[in-house]
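# here are the coordinates; sequence isn't available:
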């Protein structure tokens, strides 16, 4: 169970469900504090805008939609939603908009 000092300021909320019931959940590889929402189970970092992906690719092997599996520096990696039956993945280059 989370202790009171693990909770954040009253204005902080989960970006997914808007709930303020979350606690510290380790650190990222870049040494930023990670949090876990107690209601919806979302892992997030405060004050970080998440890029939402609207056009998910279709799996070339089975035709199902693919899910975002991993964000890398220059690529997004998608995995078939039929995993583990279909192990197809795609790497898509990130387009910088500056």
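Great, that's in hand. In this text, all values refer to a predicted model and were calculated from it rather than measured experimentally.

# What residue spans form the domains of this structure?
4-44, 51-98 (automatic domain parsing).

# Take those and lay them out in TSV including mean neighbour count and mean pLDDT.
Just so you know, the C-beta spots here come from the backbone N, C-alpha and C atoms, and that holds for glycine as well. Conversion of the domains of the chain to TSV gives the following (neighbours: other Cβ atoms under 10 Å; pLDDT from 0 to 100):
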stretch	mean neighbour count	mean pLDDT
domain 4-44	13	81
domain 51-98	12	85
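
# name the element residue 62 belongs to?
Counting by DSSP states H and E, no helix or strand carries residue 62.

# separation between it and residue 19?
36 Å (Cβ to Cβ, to the nearest Å).

# Specify the local secondary structure of residue 92.
strand (DSSP: H, G, I helix; E, B strand; the rest coil).

# Quick check: closest non-adjacent residue to it.
In space, and not counting its chain neighbours, residue 92 is closest to residue 76: 4.9 Å by Cβ to Cβ, 6 or more residues apart in numbering.

# got the phi/psi numbers for the one you found?
phi -110, psi 130 (degrees, to the nearest 10).

# and it, what does it touch?
Counting by Cβ atoms under 8 Å, 6 or more residues apart in numbering, residue 76 makes contact with 53, 68, 70, 91-92, 94.

# go with 10 Å
51, 53, 57, 68-70, 90-94 (Cβ atoms under 10 Å, 6 or more residues apart in numbering).

# Would you reformat the residues you listed as TSV and include distance to residue 30?
Formatted as TSV, the contacts of residue 76 follow (distance: Cβ to Cβ, whole Å):
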residue	distance to residue 30
51	17
53	21
57	27
68	19
69	19
70	15
90	25
91	21
92	22
93	21
94	17
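
# OK, contacts around residue 17?
37, 39-42 are the contacts of residue 17 under Cβ under 10 Å, 6+ apart.

# Could you tell me which of these belong to strands?
Among these, the ones falling in strands (DSSP state E) are residue 37.

# which one of the contacts of residue 17 sits closest to residue 29?
Checking the contacts of residue 17 against residue 29 by Cβ to Cβ gives residue 42 as the nearest, at 18.8 Å.
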